[in-house]
Each structure stands twice: as structure tokens, then as C-alpha cells.
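**Q** take a look and give me a structure for this.
(one chain, ligands or ions: 1)
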Amino acid sequence: MKKAKEKKKIGLTTKIFISLILGAIFGIILCYMVPSSHIKDDIIVEGILYVIGQGFIRLMKMLVVPLVFCSLVCGSMSIGDTKKLGTVGVRTLVFYLFTTALAVTVALSVGNIINPGVGLDMSAVQSNAADVQSMEATSLTDTLLNIIPDNPISSLANGNMLQIIVFALIVGIILAKLGERTETVGNFFSQFNDIMMEMTMMVMSLAPIGVFCLISRTFANIGFSAFVPLAKYMIGVLIALAIQCFVVYMALLKVFTGLNPVIFIKNFFPVMAFAFSTATSNATIPMSIDTLSKKMGVSKKISSFTIPLGATINMDGTAIMQGVAVVFAAQAFGIHLSMTDYLTVIGTATLASIGTAGVPSVGLVTLTMVFNSVGLPVEAIGLIMGIDRILDMTRTAVNITGDAVCTTIVANQNKALDREVFNNSGKESKKQKEMGSDVEQ
Ligand code: ASP
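**A** Below is the predicted model:
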């Protein structure tokens, strides 16, 4: 059963890759080998490919508001719950938010060095000028004030993500505070969250068709000029992910715990590989907790709280993809981003990472919210969607590594880390035996 499920997932990945390649080939053929005609231009490219591709984007957009709202209510409900854990909760939260903001900053810097979107003229594939929301310049004070929703229902209806996030966080925290009194509403949101997850899976199963149409229309319109920017975007994301994983995290680990980063990576590698192959943070939770306990000496008392929380709200890899994507889209559409825009991106991507569920491709859905926050056209997402699966796999591995590093640091601060186990990569130690019950639970 499990194998069959895994096969299905690998099947979707392969399908998306195949449709990416086929779409590119089809688009190139249309661009260079088929002469312009009514059938080619109006029926195939601007007809079938456009309608199906845009239809898929609309489906993705349909998910955003309910998905982010429910997953945030549920997420903050669990944070509220764990207030009892006091310092652990606060430390974990601060660390998660801090590393995510750092991740976006790394991504924006790498993006601006690599310039992935330079040379790509997306105005050729930009069909619907009305869709492109050019943000009016707002002052910093207004930007800050706009975070607070004056009418949450209108925020939901208009898809104002920052306001939705604030409202969802407050609802979740209050649900946790009121506990049993509001159990029904709490259950409602978790069940609605399940519905949205299922819907996301359903929409994602259409991805191969959507990707084929989006990519072939892009290539049909702009030919080979799309290859280099896409490759640059991909390399940019991978470099930023590598910096976050091997430089930022390992430096934090060394500074806060004094532990050897090489041993950490060696011990944690199987979990990273598992996350890579499934592109699902949620699925790695049990393996992460187990590995941290058995190979790194981290008490399950800490990890059983921090790891599921991290899988829900801490998505540094996802935030990195979003940061590079912002630079890519801005350059491709020739939109200049100001310093305030970059700060907005850091803020929204950090919050989007809280709202990103730990399942495949959700990062792309919440990317629309980051784009909207600075008025970038969501059409660019159609282009990067084709190559997103491999990036999704890689960023998921980084997402869960961030959770594990934070957990180890917090465990160390709370004296719930057995260094002997860590250094011996799990060979039994005296202390572990003493910690016995809680480690084994
Ligand atoms: N697949 C990612 C995860 O599970 C989320 C995403 O970026 O789409 O961590």
C-alpha cells in the first residue's frame, strides 16, 4: 500500500518532468517550424494552450485563501496550545522566523547576483494586462497599518494575504486559549484544512497538463530565449538552498551548540534523502523525530513538539525559492523593485512560509501571495512551475533540515541533548539509558 502510494508520487514527478520537456519541444517546434497562421496563433497557442494553462493557474489561485487561512488557524492553534512549554515555544518560534527571514535575504541576494530574469521578455507572453496588479506606492506607515484588517471578511474576499494571516493567527491563538469551549470550531478548521489539502492534491494531479500548456505557450512565443533564464533561476535557487543548508544552518549549529556540523549532516542525511524523494515535510516528521533521538541524542520531549511545528510553519527552503522567484519575475517583466518592496518580500515570504503546508508544491500556491504583495504578475509562476518539482524536492530537504537544526539548538539550551549519542552517531551511551523512557517513547 505504502509502496503503491510512493509509486504514485514518483509517477506525478516523472509526468511533470516529461510534460515539461514535451511542452518545451512542442513550443520550440511551434515557434521555429510552424509558420504563423490562424490555426497556430489563434486556435493552438492563444486558444487551447492559453485556456488550459490559465485554467490551471486559476485553480491554483482558487486554493490560496482557504488553504492559507485554515492551515494558519490550525498552526497557531497548536502554538497557543504549547504555550505551556514556555521558553521552548518562544525560542523555537523566534528561531524559525529568524532563519526564514535570513533565508529570503540569502535568496534575494543570490537572485540579484545571478539575475535569472534578465534577457527574458515576458511581456510577449503576458496576455492579460488587467491581471497585472501594479501596486501603487504606499508609505511605510500605511504598509504597517495595512497589516491590520479593518474588515476581515473583505480581506478574505479580496485575498489580502497579510490581513488574512493576522486574522487567522488571532483566531488560532484564541481557539487554543478557549480550548474545550470552542472545540467544535477548532475541529471545523482542522477538517476544512484536510479538505483543502485534498483539493491541493487534486489540482496538483492536473499539473502535467497545466505545465505542458504553460511551457509550450511560453516557448511558442519566445523560443529559445526562455532556456537560459529558466536554467539561471534553477541554479540560483539551488545555490541559495545550499548556502542556507551548509553555511547558515551549520554556522548556527556550531555557534549555539558547539556540535560538529559534519556529524550532523552525516546523521541527518537519510531524513534529507527521504524528504527529497517525497517533497513532503509532513511525511518526514516521524523519521526526523526518530533520527534526532536515536542518532543525535535529542530528547523526544523537545522534538515531538518542535518538529511537527517546524514542518507546519518553518519553510526556509520554500522561502528561498520564493525570494529567487521574485527577482526572476521582476526582471522578466521589467518591474523595478524598491527597497521597501524587498522588505515586503522578506516579510510576506516569512509569513507565507508559516502558511505553506508541508506537502508537495504548496510553496507555489503561496508564491502568488508573495507576488501580489509587491504587484508582480502571477503569470511568471506558470513558467517556473514546469521546473518546480525538482526544486520542491530540494527545498523540502532544506525545510526539514532547518527544523532539525533548530530542534537540536533548543534541546541543547534546555539540557535535553546527549552529546555522547550525537558524537557516537547513536551508539548507546550511559546518559541515553538514563534518559531512557522519554527517549524511547
Ligand atoms: N514541499 C514543501 C514541503 O513539504 C512545501 C513547498 O515548498 O511546496 O516542505
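**Q** residue 71 is in contact with residue 193, correct?
**A** Yes: the criterion here is Cβ atoms under 8 Å, and residue 193 meets it with residue 71 at 5.6 Å. Quick note: C-beta positions are derived from backbone N, CA and C, even for glycine.
**Q** have a look at those two and say which one is more surrounded.
**A** Neighbour count, other Cβ atoms under 10 Å: between residue 193 and residue 71, residue 71 has more, with 28 against 20.
**Q** where are the low-confidence patches of the stretch 1-150 of the chain?
**A** Applying pLDDT under 70 to the stretch 1-150 of the chain flags the ranges 1-13, 75, 79-87, 121-144.
**Q** got the residue ranges for the strands in it?
**A** Here the stretch 1-150 of the chain has no strands by DSSP state E, counting those that start in this stretch.
**Q** circling back to that earlier point, identify the contacts common to residue 193 and residue 71.
**A** Common neighbours of residue 193 and residue 71 (criterion: Cβ atoms under 8 Å, 6 or more residues apart in numbering): residue 357.
**Q** chain neighbours aside, what residue packs nearest to the closest residue to the ligand within the stretch 151-300 of the chain?
**A** Nearest residue of the stretch 151-300 of the chain to the ligand (Cβ to the nearest ligand atom) works out as residue 281 at 3.4 Å. Counting by Cβ to Cβ, 6 or more residues apart in numbering, the nearest residue to residue 281 once its immediate chain neighbours are dropped is residue 358, at 3.0 Å.
**Q** now swap in residue 192 and tell me
**A** Residue 192's closest residue in space is residue 70 (Cβ to Cβ, 6+ apart), at 4.9 Å.
**Q** that neighbour and residue 365, how far apart?
**A** As judged by Cβ to Cβ, to the nearest Å, residue 70 and residue 365 stand 13 Å apart.
**Q** returning to that earlier point: so what's the residue nearest to residue 281 scoring on pLDDT?
**A** With respect to pLDDT, residue 358 scores 76.
**Q** try the one 3 residues further on
**A** Each residue has a pLDDT score; the one for residue 361 is 80.
**Q** and the one 4 residues further on, by the same measure?
**A** pLDDT, the model's per-residue confidence, is 84 for residue 365.
**Q** right, and it touches residue 201 too?
**A** No: under the criterion of Cβ under 8 Å, residue 365 is not in contact with residue 201, lying 11.9 Å apart.
**Q** quick one, which of those two is more surrounded?
**A** More crowded of residue 365 and residue 201, by other Cβ under 10 Å: residue 365, with 25 against 13.
**Q** for that one, which residues are in contact?
**A** 60, 63, 64, 67, 200, 356.
**Q** go again with 10 Å.
**A** 59-64, 67-68, 196, 200, 203-204, 352, 355-357, 381 (Cβ atoms under 10 Å, 6 or more residues apart in numbering).
**Q** below-threshold pLDDT in the stretch 201-350 of the chain: ranges please.
**A** Those would be 225-226, if you go by pLDDT under 70 across the stretch 201-350 of the chain.
**Q** hang on, the residue nearest to residue 192 packs against residue 175?
**A** No: look at residue 70 against residue 175 with Cβ atoms under 10 Å: they stay out of range, at 11.9 Å.
**Q** shared neighbours, these two?
**A** With Cβ under 10 Å, 6+ apart as the test, residue 70 and residue 175 both reach 188, 189.
**Q** next to the ligand, which bits of the stretch 251-400 of the chain? Give me the list.
**A** 279-281, 315, 318, 356, 358-363, 392, 395-396, 399 (Cβ under 6 Å from any ligand atom).
**Q** kindly recompute the last result at 8 Å.
**A** 275, 279-282, 311, 315, 317-318, 321, 356-366, 392-393, 395-396, 399-400 (Cβ under 8 Å from any ligand atom).
**Q** just the stretch 51-200 of the chain next, same as before
**A** Counting by Cβ under 8 Å from any ligand atom, no residue of the stretch 51-200 of the chain is near the ligand.
**Q** from what I can see residue 319 touches residue 399, true?
**A** Yes: look at residue 319 against residue 399 with Cβ under 10 Å: they come within range, at 9.0 Å.
**Q** what's the neighbour count on the residue of the stretch 151-300 of the chain closest to the ligand?
**A** 31.
**Q** is it true that it touches residue 287?
**A** No: between residue 281 and residue 287 there is no contact under Cβ under 10 Å: 11.1 Å.
**Q** shared neighbours of the two, anything?
**A** With contacts defined as Cβ under 10 Å, 6+ apart, the residues shared by residue 281 and residue 287 are 275, 307, 400.
**Q** so who does the second one touch?
**A** If you count contacts by Cβ under 10 Å, 6+ apart, residue 307 has them with 281, 284-290, 292, 298, 300, 314, 400, 403-404, 406-407.
**Q** what does the last one give?
**A** Under the criterion of Cβ under 10 Å, 6+ apart, the contact partners of residue 400 comprise 268, 271-272, 274-276, 280-285, 287-288, 307, 310-311, 314-317, 358.
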